[in-house]
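dropping a prediction and its sequence here:
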Amino acid sequence: MHHPIRNGMPAPELGARGWSKPWSDDAGGACVEVLKLDDGRVAVRQSTDPEGPALVFTPGEVSSFLTGVKAGEADFLL
């Protein structure tokens with residue numbers, strides 16, 4: 001059964017292949033995993049909960065986020 005891709009969907013419905021871990025904590029445990037979808041959107045999940053929900057972002061949302069991080073707009077999180 002095909003499920004439409006949507007924000008908050010169970011990550012396993014997006015498949016097991018193609019997830020990468022570009023960011024991880026220093027302890028090597030909790031990682032943010034990302035998957036670039038065929039339509040250009042990006043899915044994000046928590047590696048410690050791969051069966052949990054995936055957040056799905058548009059290319060524009062990802063671009064805005066990365067631009068903001070590079071500009072220091074998220075430095076308050078540190």
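Alright, I've got the coordinates.

pull the number of nearby residues for Thr67.
Residue crowding around Thr67 was assessed by other C-beta atoms under 10 Å; the count is 10. All C-beta atoms are positioned from the backbone trio N, CA, C, and that covers glycine.

and if you look at Leu35?
The tally of other residues near Leu35 (other C-beta under 10 Å) stands at 19.

grab the most central residue of this protein for me.
The centroid of the chain falls nearest to Val44 when counting by C-alpha atoms, centre = their mean (1.6 Å).

helix, strand or coil: sort out that one for me.
strand (DSSP: H, G, I helix; E, B strand; the rest coil).

run through the bridge partners of it.
Judged by DSSP bridges, the bridge partners of Val44 are Val34, Leu55.

ok, it to Arg17 distance?
According to C-beta to C-beta, to the nearest Å, Val44 and Arg17 sit 16 Å apart.

ok, Val42 to Ser64 distance?
Val42 sits 12 Å away from Ser64, going by C-beta to C-beta.

more crowded one of these two?
Val42 (17 against 13).

which residues touch that one?
For Val42, the contacting residues are 34-36, 56-57, 59, 62, by C-beta atoms under 8 Å, 6 or more residues apart in numbering.

how close does it sit to Leu78?
Counting by C-beta to C-beta, the separation of Val42 from Leu78 is 23 Å.

low pLDDT regions in this protein?
Applying pLDDT under 70 to the chain flags residues 1-2, 24-29.

50 instead?
1 (pLDDT under 50).

right, and Pro32 touches Lys21 too?
Small correction: residue 32 is Val, not Pro. Yes: A contact is recorded between Val32 and Lys21 when judged using C-beta atoms under 8 Å, the distance being 7.3 Å.

perfect, I'm done here.
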